[in-house]
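Asks: Have a look at this fold, sequence not included:
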Ligand code: G6P
């Protein structure tokens, strides 16, 4: 997500802050800013776009005076990328400045309250609420005020706070969003990521949830929210900069696979309140939802595969016909579409040319476009009639993983939300699904624990020329993604087939030793897929299965990776993880350029 840096010492803070932000550029951002205490005022410089803009604006940080300051690279969540929405954010009178990573889920209530008390806001961000709350409640102690404000915030945050009256202090806080403290000689640092401080120090404290650090030039004190001191061990970072960017992993793809529990949690949790799905951000009315007689999904690549999963889920749960279409096909096939059709547009980047044009085509024909997008303020997000954002954060690896998972999470939210309005989900089922949805991040974490087994299985298959994926129902939809993941990063030819289609041609490709990956999670069709597995085994296939742990007998059919049993709707989120890890390890064993596969681009903005 966003990046935080902070400096307090005896040197000019500006150049360090700019340098620290440059080290965080790899994470992806849309604006950047710094704020220094120059002895009289808190001076903020911030700008939309590349860090180069801020560098030029501040002469690489040298034009600002002061030896204490905070900086930020922003990846927009609340409010589009713009100068005014960039961090740091000042309180109304400019006494306090804040940088923030994470999401304040109850910011609108807090903002409404402050507005009712006469506070004037400048930005659309959730972060500004924090700066304004600090000023609103401040009497004489910044630390007491920050603790009071923390008690009012719901959500996740890493914060850096400085004040105009006290140029000798930075306050840093962590809850759910990483923050570290760097320890120097007569200087100390804060950073969301060790890369930002490695050129200055390797000695750090890692803040845990609800810990607060008070940094001065010659000391760092860590306390909890009861103001009790917390004693921590100093950690010495041994990573080089390259490894540090990837959180110690070898590739961004692996880092992003491991980030999925968190990304799913961030996408789901703001939308579940008191056991119900809440989609405050959409304008679509209940009457409109009831008026649709069809849902049309358009997307490209992995986002299209989410659409195929969504087709199975929506049809089953909403009893509405659903068509999932490749955007590039949809836009040129004179589609039959009108105002009775809801168009769901799925895109990580929000800039994919075909997806955008397919959406516009649907809108021209009277359809309402609801988009599921990761990049705030992107073209699709802005031009769709409604947008629900995924909170995957920047995805750097070309092959998507966490964006795919968060798109699935939004599909589940939509299924529950629409199903409730349409009356197609009974209350008990609704309640059970919400409970399972809330525990999904933990279950994904459990599946990530199988990585060594996937590495072993990859070592058996990585020399293959072709690999086939089979499944039925949602498992088929998922096998499309498993196959794409493998081929795009390992360059092994792979195809996904609906298992029922095997006998119509594909089985002729199976010979001694042909690897087949079978998805065996869809409860109703286990018997049928097991028969298909036997058919390919008889012809020499070497089969690997992904199955639920409620069916241990599958291991007698083939080598199996087990995932926890959840309801059918949510299984794709668990079953996709072994497929991602398998593709990753195969590509790694083959020595491929995993994060930047040949001929592929992260965002395809031309046809
Ligand atoms: C490229 C990416 C894929 C992505 C597809 C659609 O092919 O490599 O990971 O699924 O574009 O991109 P979008 O940004 O619209 O989701």
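Replies: On my side now, so go ahead. All values derive from a computational prediction rather than experimental measurement.
Asks: C-alpha only now, for contacts and for neighbours.
Replies: Fine.
Asks: At the contact with the ligand, which residues of the protein appear?
Replies: Applying CA under 6 Å from any ligand atom, we find that the chain lies next to the ligand at 300-303, 347-350, 352, 398-400, 601-604.
Asks: which residues of the stretch 151-300 of the chain fall in helices?
Replies: For the stretch 151-300 of the chain, the helices defined by DSSP state H, counting those that start in this stretch occupy 241-245, 252-258, 260-268, 286-291.
Asks: Let's have these in JSON lines, adding mean neighbour count and mean pLDDT.
Replies: Shown next, in JSON lines, are the helices of the stretch 151-300 of the chain (neighbours: other CA atoms under 10 Å; pLDDT from 0 to 100):
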{"stretch": "helix 241-245", "mean neighbour count": "17", "mean pLDDT": "76"}
{"stretch": "helix 252-258", "mean neighbour count": "22", "mean pLDDT": "96"}
{"stretch": "helix 260-268", "mean neighbour count": "23", "mean pLDDT": "95"}
{"stretch": "helix 286-291", "mean neighbour count": "13", "mean pLDDT": "98"}
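Asks: Switch the ones you listed over to a markdown table; also include distance to residue 537.
Replies: Output for the helices of the stretch 151-300 of the chain, formatted as a markdown table (distance: least, CA to CA, whole Å):
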| stretch | distance to residue 537 |
| --- | --- |
| helix 241-245 | 42 |
| helix 252-258 | 31 |
| helix 260-268 | 34 |
| helix 286-291 | 47 |
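Asks: Just the local confidence number for the nearest residue to residue 78 once chain neighbours are set aside, please.
Replies: Closest residue to residue 78 apart from its sequence neighbours, by CA to CA, 6 or more residues apart in numbering: residue 125 at 5.0 Å. On pLDDT, residue 125 comes in at 95.
Asks: ok, now the one 10 residues further on?
Replies: Note on residue 135: pLDDT of 98.
Asks: Could you say which helix or strand holds it?
Replies: Using DSSP states H and E, residue 135 falls within helix 127-137.
Asks: after that helix, next one along is what?
Replies: Remark: after helix 127-137, the chain's next helix or strand is helix 142-150, criterion DSSP H and E.
Asks: Give the other helices and strands that that following helix contacts.
Replies: Where contact means 3 or more CA pairs under 8 Å, 6 or more residues apart in numbering; DSSP states H and E, helix 142-150 is packed against helix 127-137.
Asks: In contact with the residue lying closest to residue 260 once chain neighbours are set aside, which residues?
Replies: Closest residue to residue 260 apart from its sequence neighbours, by CA to CA, 6+ apart: residue 402 at 5.2 Å. Residues near residue 402 by CA atoms under 8 Å, 6 or more residues apart in numbering: 256-257, 259-260, 263-264, 392, 395.
Asks: Look up how far the ligand lies from residue 402.
Replies: Note on residue 402: its distance to the ligand, by CA to the nearest ligand atom, to the nearest Å, is 10 Å.
Asks: Give me the pLDDT for that residue.
Replies: 97.
Asks: Tell me how far it lies from residue 481.
Replies: To residue 481, residue 402 is 13 Å away according to CA to CA, to the nearest Å.
Asks: What of residue 85?
Replies: According to CA to CA, residue 85 and residue 481 sit 36 Å apart.
Asks: ditto for residue 140
Replies: 56 Å.
Asks: Same question for residue 270.
Replies: Going from residue 270 to residue 481 by CA to CA gives 27 Å.
Asks: Pick out whichever of these two has more residues nearby.
Replies: Between residue 270 and residue 481, counted using other CA atoms under 10 Å, the more crowded position is residue 481 (28 against 18).
Asks: In a strand, the more buried one, correct?
Replies: No: read with DSSP: H, G, I helix; E, B strand; the rest coil, residue 481 is helix and lies in no strand.
Asks: residues touching it, list them.
Replies: 302, 305, 576.
Asks: out of the residues you listed, who's nearest the ligand?
Replies: Each of those was scored against the ligand by CA to the nearest ligand atom, and residue 302 proved nearest at 3.7 Å.
Asks: part of a helix, is that closest one?
Replies: Yes: applying three-state DSSP, one finds residue 302 inside a helix.
Asks: what about it, how many neighbours?
Replies: Residue 302 - counted by other CA under 10 Å - has 23 other residues nearby.
Asks: and it, what does it touch?
Replies: Residue 302 sits next to 400, 404, 481, 484 when contact means CA under 8 Å, 6+ apart.
Asks: one more time with 7 Å, if that's ok
Replies: If you count contacts by CA atoms under 7 Å, 6 or more residues apart in numbering, residue 302 has them with 404, 481.
Asks: quick one: it from residue 568, how far?
Replies: Taking CA to CA, one finds residue 302 at 20 Å from residue 568.
Asks: domains of this structure?
Replies: 3-243, 251-438, 449-593 (automatic domain parsing).
Asks: Centre of the chain to the lowest-mean-pLDDT helix or strand in the chain, how far?
Replies: Least confident helix or strand of the chain, by mean pLDDT, DSSP states H and E, is helix 241-245 with a mean of 76. Its chain's C-alpha centre and that of helix 241-245 lie 20 Å apart, by CA atoms, centre = their mean, to the nearest Å.
Asks: do stretch 85-98 as well
Replies: Here the centre of stretch 85-98 is set off from its chain's centre by 26 Å, with CA atoms, centre = their mean.
Asks: try stretch 241-248
Replies: That offset, for stretch 241-248, works out to 19 Å (CA atoms, centre = their mean).
Asks: next one: stretch 328-347
Replies: Chain-centre distance of stretch 328-347: 26 Å, with CA atoms, centre = their mean.
Asks: buried sites along that stretch?
Replies: 328, 330-331, 337-347 (16 or more other CA atoms under 10 Å).
Asks: How about stretch 298-312?
Replies: Within stretch 298-312, the residues that qualify as buried are 298-312, counting by 16+ other CA under 10 Å.
Asks: pLDDT weak spots in the stretch 101-250 of the chain?
Replies: Nowhere does the stretch 101-250 of the chain drop to pLDDT under 70.
Asks: For residue 19, which non-adjacent residue is closest in space?
Replies: Leaving aside its chain neighbours, residue 19 sits nearest to residue 196 (7.7 Å; criterion: CA to CA, 6+ apart).
Asks: The one you found: what's it in contact with?
Replies: For residue 196, counting by CA under 7 Å, 6+ apart, the contacting residues are 5, 20-21, 23-24.
Asks: mind listing which of these are in strands?
Replies: Using DSSP state E to define strands, the subset of those located there is residue 5.
Asks: what's the closest of the contacts of residue 196 to residue 520?
Replies: Of all the contacts of residue 196, residue 24 has the smallest distance to residue 520: 41.4 Å, by CA to CA.
Asks: remind me, longest helix of the protein?
Replies: helix 402-422 (DSSP state H).
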